[in-house]
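In: Here's a sequence, model it:
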Amino acid sequence: MQAQTMQAMALDRFGGPEVLALATIDRPRAAPGQVIVQVAYAGVNPADWKAREGWLSRYFDYHFPFVVGFDAAGIVAEVGEGVTGLAPGDRVVTASNQGKGERGSYAQYVASDRERVVMLPDHVGLRDAAALPTAGITAWEAVFDVGGTQSGSTVLVNGGAGGTGGYAIQLARMAGARVCATCGPANLDYVRSLGAERAIDYREGGVREAVAAWAPEGVDLVVDTVGQGSLLDAVEMVRPGGIVAPIATLIADEPMFDAARAAERGVRIIPTIADFAHQERQLNALVAALAAGRIHTPELTVLPLDQAGEAHRRVAAGHVRGKILLAVDEALA
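Out: Presented below is the predicted three-dimensional model:
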């Protein structure tokens, strides 16, 4: 008999990391077209702490107790009516339904629509897969769907040591682009190891000058994973006809790029966020690239599920190298 309940890090109100508490709640059941995944690892993203504080209420209605978490890797536990190509026991990665207001992945089980559940080849580990969905999908959206990156392109990644930045570097290199990236001094070698031809220490200043020396005609694309006014002169670093792709931070009073100057220079500013309509294609492509060794997992930090609050504190403070995962049931791996 299937368990009727599960353990989850749930919140009963909006607030700081302290509102995340281990609780026993109802286990999800597979609706038509859905898959229930028994979670081995859940990925932690900046959007998670923003969801915890209620920032995503503009996109969906919260129902408490609420479980955050967009990313999970684990084992199929149940499939709903109409689901094909997956069966209980299959190893999978998923972008959860949290973005639709359903419970997320900081739990023993999570429900996802079939199109955002991808079977894993045997040689792809669940840890590696759990890091992939949100950061990888966002990077893919910026590098390819927005940026149109191809062989010979030049790409600047602002914040190359983070999860999204790390995937953006690798995806651009996979396409045959030249890449430079900003990061802190402790991450220069790490960013180079991901494929950046030029790593720029933003704390020393002079980013614009360093980029100009590296790409005198301007870069084709800036992927800004940091925002918050950290690279406001990005418009000046892009060649006419190029693109600045700022990753959405949801911060209401965030300094904005100079749209008039961008228009004057023929530079497009295209705000970038993961799009449900693209996620099936993107997640399948990302898993294929990971399986083929064309991209690799960023550095991982793994914390127990009950330390989700600490994971949120670290992510909200910034400067996390790679990705943080929560270990929900490592025995599944």
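In: residue ranges with poor pLDDT in the protein?
Out: 1 (pLDDT under 70).
In: And the residue nearest the centre of it?
Out: Note on the chain: the residue nearest the mean C-alpha position is residue 135, at 1.8 Å, using CA atoms, centre = their mean.
In: Helix, strand or coil: sort out it for me.
Out: Counting by DSSP: H, G, I helix; E, B strand; the rest coil, the backbone at residue 135 sits in helix.
In: for residue 223, same thing?
Out: Three-state secondary structure (criterion: three-state DSSP) places residue 223 in strand.
In: just to revisit the earlier point, which residues does the residue nearest to the residue nearest to the centre of the chain when sequence neighbours are not counted contact?
Out: Leaving out its chain neighbours, the residue that sits closest to residue 135 by CB to CB, 6 or more residues apart in numbering is residue 163, at 3.5 Å. Bear in mind the C-beta positions are built from the backbone N, C-alpha and C, glycine included. Contacts of residue 163 were listed using CB atoms under 8 Å, 6 or more residues apart in numbering, and they are 45, 131, 134-135, 298, 320, 322-323.
In: Tell me where this protein has helices.
Out: 46-52, 126-130, 133-140, 163-174, 188-193, 207-214, 259-265, 276-291, 308-317 (DSSP state H).
In: Can you give the distance from the fifth one to the centre of its chain?
Out: Meaning helix 188-193. Between the centre of helix 188-193 and the centre of its chain there are 20 Å (CA atoms, centre = their mean, to the nearest Å).
In: Can you give me the buried ones in it?
Out: Of all the residues in helix 188-193, those buried under the rule 16 or more other CB atoms under 10 Å are 188, 190-192.
In: Report the separation between residue 139 and residue 321.
Out: Distance of residue 139 to residue 321, given as CB to CB, to the nearest Å: 16 Å.
In: Specify which residue of the two has the higher count of neighbours.
Out: Here residue 139 and residue 321 are set side by side on neighbour count (other CB atoms under 10 Å), and the busier one is residue 139, at 30 against 19.
In: Contacts only, for residue 220.
Out: Shown in contact with residue 220 (CB under 8 Å, 6+ apart): 147, 149, 153-155, 177, 238-239, 242-243.
In: Can you give me the first-to-last residue distance of stretch 133-147?
Out: Stretch 133-147 has an end-to-end distance of 19 Å (CA to CA, to the nearest Å).
In: With stretch 176-189 instead?
Out: Chord length of stretch 176-189, first to last residue, is 21 Å (CA to CA).
In: Flag every buried residue along it.
Out: Across stretch 176-189, burial judged by 16+ other CB under 10 Å covers 177-184, 187-188.
In: Show me the two of the residues you listed that sit farthest apart.
Out: Farthest pair in the buried residues of stretch 176-189 (CB to CB) is 177 and 184. Separation: 23.1 Å.
In: mind giving me the domain ranges of this protein?
Out: Using automatic domain parsing, the domain ranges for the chain come out as 5-132+297-332, 135-269.
In: which one of those domains lies closest to residue 280?
Out: Among those, domain 5-132+297-332 comes nearest to residue 280, with 4.1 Å by CB to CB.
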